[in-house]
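1. just to be clear, the model below is a prediction. Sequence and coordinates:
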Amino acid sequence: MSKKSYAVLGLFETPDALMHAIPKLRAAKLGTVEAYTPYPIHGIDEALGLRRSPLGGMVLVMGVLGALTAFGFQYWISAIDYPIITGGKSAASWEAFIPIMFEVTVLFATFTAGLGMLLLLNRLPFFGHPVLSSKAMKGITRDRYALALEAESEAFDSAAAAQALEAAGAADIEVLPAPDRSPFLTSDYILRTLGGIFVACLVAGLGIYSLIKWFPLLAPMKYMQDQPRLNAQKASTFFKDGHGMQPPVPGTVARGYLPTATGTQEAAATLVNPLPRNKDVFAQGRKVYTSRCEVCHGALANGAGSLTAAYGAKPANLQAQQFRDYPDGKIYWAVVNGKNAMPGHAAYLTEPQRWAVVHYVRALQRAQNATDEDLKVVAP
Amino acid sequence: MSQPKPTPPLLLGAVALGAAGVLGTYFAAGPERFWANWVLWFVLMFTLGLGSLFIVALEHLVSAKWSVPVRRIPERLATLLLPAIPVGLIALGAVPVLYPGARPEAAHHPILAGKAFWLSLPFFTVRTVAAFVLCVIALAILVGGSLKQDVSRDPAFNFRARKFAPAFMAIFALVITLVAFDWISGLTPEWYSDIFGVYIFAGAFLSGLAATAISLLYLQGEGRLEGVRQDHLYNLGAFLFAFTVFWSYIGFAQYMLMWYANMPDEVIYYKVRLTGAWRAITFALAALHFILPFFALVTRDAKRDPKRLRRVALLMLGAHVLDIYWLIFPALGGSPRFAWPELSFALFFLGGILLWIRGAMQKGEDMPVGDPFLREGLEFRL
């Protein structure tokens, strides 16, 4: 035979005949013995001398890996990267991780079993296995049991193989020619597949890009935009005054903001600053002072702020003896309620911010009137 | 059929010694300890018998053929329900001692007072007796009918059993839930868990499977049960493997929901079991009931290896004992107790159970020889 052959194939009438023939053909050592049957036959694995499938081990390893991945990922999210206490549980609660670990274990294991079986072990996809185009194929998928002696090397003798099959009781013996190219996945096929995916992505991407470019006002989903709600800057027929935006109900207090201190400034004199004098408090006080007070009262609290000239107002010079003698409570009262032309700052300063700025004003006053005592370095 | 062998004197001695210890417990260690042990062993006997009967009924329900050759073993194990009846009737003595719902103080308890009718001794007794009656009926139909078929060879039994099997499943669900709710979670009547019955079912089924596997291998060691192959063993092993996972699934699901919700009346159950020495027992239970058998049985060869399977089945039975102990004994309060009273009870009841099973295994045929599917079952290959 001039052309190389892939295998020699013979048909048997019953599974028993097939099983009896297997040891004879294996003993002949003419090629790899392979069986093609319409359904699984008990004991054929042992008879053919198939080694155990490595799939079980792969699934175990990937399953364990899945469990570890899920645990590690959840631990990292909930205990390291963004720890939030929910339900009074510790951030790293393994109990809460278990369901996800279970799911990911199953996910990894099933994908390994399915894809590993199809792609790794059965080497799918393949194109035109020689047995598929044999005459025997119709019988194999119906009621015949085939044995094939597959060529192991160049030295495969198809005539001897056919003889051995016949001696073992096979009928309809057929020599399958070797395919022109390997039916299994080669780098050539992989390249073509990847190329196809690349082209598909390119077409889809360009298509979507040009769609958006040519129809820019085609909003994909407008439910949230079109909902019947009140817009802050729009007219509305819902309220009597025709405005969408309504002022808060009188007496509304935002969370964390205490209402304006009531009573006279004299009554507030007894209030004590609850904050300690430390770096953080002074830093906060300084931030509030520079953003709220400095434009009028000036960086040195001497009443020479940058706005003074523009408006012709005369803000208080906080370095004056009168204000240096003020108790903390009276400054606090002025911050909250305002005084003369100065507006009250209660609406946008929280309680700690109000007291922090009092500390900072005190520090500015002392800095401008420092004594020798103040220059001594205090033990750090 | 083999010659009936004389009862080993060692076993009889163990039972006698255990009986002395059991009596001693009542007087020396107090009635509470006595009744806790008694209830423990009643529940173990009952769940083993019921789990075995479930295996038999499951075969009829799904018309399984592979298990026909080994069916006589769970049938014989299921007869353990008969000695469990007097044990259970005696155990009713524990109700006024151990079960808070049946004690006089319950009348003043805001929760228990509303459930007084259900938890009281008279209705407790009625439920227990009703469960026993249902079990005896099921036993007579499934096991008694199968034994009769040995002689009559009448295939009508298979149809009868198949028709009865769905009804048995309902009976089984009812009885196992009663055992779980009354005898075990009745010890802590303020604690609720809907899935508790399923948890006890998983343990009962596992103990039945493990006892079946051990008995099968023991009988094969004596040269009996010829024709039962590795393939049958493999199926038993696969069942064991699957249901260790099922047990842990149910056990963990119950724990996780209570842990998440963190409601005081629910979480106290686990608080008790995760404090002090009970904590070690809880973790030991997880290791012995799930982790160890899971990895011991995970490979295909492990499920077919008689030696490995026997060891794992013994481990599962031990873990089931530990499981029920872990459920019942915290009700006594304090740290886990294990001393001579527990040992005597184990000697007495284990010896008694072994004697009963030995006796059952020596009577009649080893396989249901009248079953028309026996041949098909013997030809079963994986």
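-> Here it is on my side, so go on. Numbering: from 1, shown residues only, chains lettered A, B, ... in the order given.
2. what sits against the closest residue to B:Ser185 other than its chain neighbours?
-> Distance criterion CB to CB, 6 or more residues apart in numbering or on different chains; nearest residue to B:Ser185, sequence neighbours excluded, is B:Phe196 at 5.4 Å. C-beta here means a position set from N, CA and C on the backbone, and glycine is covered the same way. Neighbour list for B:Phe196: B:180-181, B:184-185, B:254 [criterion: CB atoms under 8 Å, 6 or more residues apart in numbering or on different chains].
3. ranges for the helices of the stretch 201-350 of chain A?
-> A:279-288, A:294-297, A:307-311, A:321-324, A:328-337 (DSSP state H, counting those that start in this stretch).
4. after whichever strand or helix holds B:Leu315 comes which helix or strand?
-> Counting by DSSP states H and E, the element that carries B:Leu315 is helix B:306-328. Where DSSP H and E defines the elements, the next helix or strand beyond helix B:306-328 is helix B:340-361.
5. and that next one, what other elements does it pack with?
-> Packing contacts for helix B:340-361, counted by 3 or more CB pairs under 8 Å, 6 or more residues apart in numbering or on different chains; DSSP states H and E, involve helix B:9-24, helix B:31-62, helix B:72-78, helix B:196-221.
6. for the residue of chain A found nearest chain B, what are its contacts?
-> Taking CB to the nearest CB, chain B has its nearest neighbour within chain A at A:His42, 4.3 Å off. Residues near A:His42 by CB under 8 Å, 6+ apart: B:381-382.
7. likewise the one 3 residues further on?
-> The contact partners of A:Asp45, taken as CB under 8 Å, 6+ apart, number zero.
8. list phi and psi for it.
-> phi -60, psi -50 (degrees, to the nearest 10).
9. roughly how far apart are it and B:Leu236?
-> Going from A:Asp45 to B:Leu236 by CB to CB, to the nearest Å gives 22 Å.
10. near chain A, which residues of the stretch 201-350 of chain B?
-> B:252, B:255-256, B:259-260, B:262, B:298-300 (CB under 8 Å from any CB of the partner chain).
11. among those residues, which ones are in helices?
-> Secondary structure from DSSP state H places B:252, B:255-256, B:259-260, B:300 of these in helices.
12. B:Glu331 and B:Asp323, how far apart?
-> Careful, residue B:331 is Ala and not Glu. 15 Å.
13. please identify which of these two sits among more neighbours.
-> B:Asp323 (24 against 17; other CB atoms under 10 Å in any protein chain shown).
14. ok, that one touching B:Ala286?
-> No. In this structure, B:Asp323 is not within contact of B:Ala286 by CB atoms under 8 Å, at 10.4 Å.
15. tell me which residue of chain B lies closest to chain A.
-> B:Arg381 (4.3 Å).
16. need the phi and psi values for that residue.
-> phi -130, psi 150.
17. now it: closest residue in space, sequence neighbours ignored.
-> Per CB to CB, 6+ apart, closest to B:Arg381 is A:His42, 4.3 Å.
18. quick check: which ranges of the chain have low pLDDT?
-> Picking chain A for this. Low-confidence segments of chain A (pLDDT under 70): A:1-3, A:181-185, A:217-218, A:220, A:254-262, A:377-380.
19. actually, chain B is the one I wanted.
-> Where chain B drops to pLDDT under 70, the residues are B:1-4.
20. against the centre of it, work out the most remote residue.
-> Ranked by distance from the centre of chain B (CA atoms, centre = their mean), the top residue is B:His108, with 35.4 Å.
21. so who does that residue touch?
-> Contacts for B:His108 were tallied using CB under 8 Å, 6+ apart; there are none.
22. about what we covered before: the helix holding B:Leu315 to helix B:31-62, inter-axis angle?
-> Per axes from the mean of the first three to the mean of the last three CA atoms, to 10 degrees, the angle that helix B:306-328 makes with helix B:31-62 is 130 degrees.
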